[in-house]
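> Sequence first, predicted coordinates after that:
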Amino acid sequence: MRRVQPLVFMVASLFLLAQPLAGQRFPAFGGGEVRAGIVLPDDAERAVGIGLEVDLGRFLPLTRVFVGGLGFDADVDRLIGERQVTGDIAVRGGRAGIRLEPLGTRAFTPYFAGALNVFSVSADADQPGDQDDIEAVYEGTYLGLSVAAGGVYPLDATRQVLGFVELRRAFVSTVGHWALDAGLRLRLRSP
């Protein structure tokens, strides 16, 4: 119980701070994005990742809340126990987090993000005799965190269509990875 109290206090404080903001409407669909990029898993080969996100609007000044899904498939060629195992993994997951825009919305807007991630991983070995080994290491559902830094640049005069680049590190036990994404963001509400 003692471990939960600081978390409850922090979440309650954020809600109390957010209430007095004039004109605040949270959650509110603020747009969405598509992304693709290179994923560098800690214990698998380089892969291509894709994802979608939904902007839920502003929560506090200079912050936006988002939820999304992402995934990648990667080849595995590693020593598991005393055997060299090859195969592939399919990683599918979701994340929810907060994006901080410390300089506000500008022509070029840098941002930092933090998110809670959940990934479901399935694994297939190339050799039938290795299936149990690869499943023991990779198969399952994993919870973790990610941090990211990126930048957004408007592609039209209304500043509703934006291009972005993001470098992300996911701290998730078996499928921790680096990712470099680029994509398009559509912002439906004024920044």
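Looks like it came in fine.

> rest of the way, CA atoms for contacts and neighbours
Will do.

> Poorly predicted segments of this protein, please.
For the chain, residues meeting the criterion pLDDT under 70 lie at 1-28, 189-191.

> hey, where'd the helices end up in it?
4-18, 131-138 (DSSP state H).

> Quick check, central residue of this protein?
Centrality entry for the chain: nearest residue to the mean C-alpha point is Arg95, 5.1 Å, by Cα atoms, centre = their mean.

> what comes into contact with stretch 73-89?
For stretch 73-89, the surrounding residues in contact (Cα atoms under 8 Å, 6 or more residues apart in numbering) are 43-49, 90-91, 121-127, 130, 133-134, 138.

> Show me the strands in the chain, by range?
Under the criterion DSSP state E, strands of the chain are mapped to 31-41, 47-58, 63-80, 83-100, 109-125, 140-154, 161-171, 177-187.

> Quickly note the distance from Val165 to Asp130.
Counting by Cα to Cα, to the nearest Å, the gap from Val165 to Asp130 is 38 Å.

> same deal with Ala179?
Ala179 is 28 Å from Asp130, where distance means Cα to Cα.

> and the closest residue to Tyr153 other than its chain neighbours, what is it in contact with?
In space, and not counting its chain neighbours, Tyr153 is closest to Phe108: 4.8 Å by Cα to Cα, 6 or more residues apart in numbering. Taking Cα under 8 Å, 6+ apart, we find Phe108 in contact with Gly151, Val152, Tyr153, Pro154.

> count of residues packed around Gly137?
Just to correct that, residue 137 is Val rather than Gly. By other Cα atoms under 10 Å, 12 other residues sit near Val137.

> Not counting stretch 124-137 itself, show me its contacts.
The contact list for stretch 124-137 (Cα under 8 Å, 6+ apart) reads Ile80, Val85, Thr86, Gly87, Asp88, Ile89, Ser122, Ala123, Thr174.
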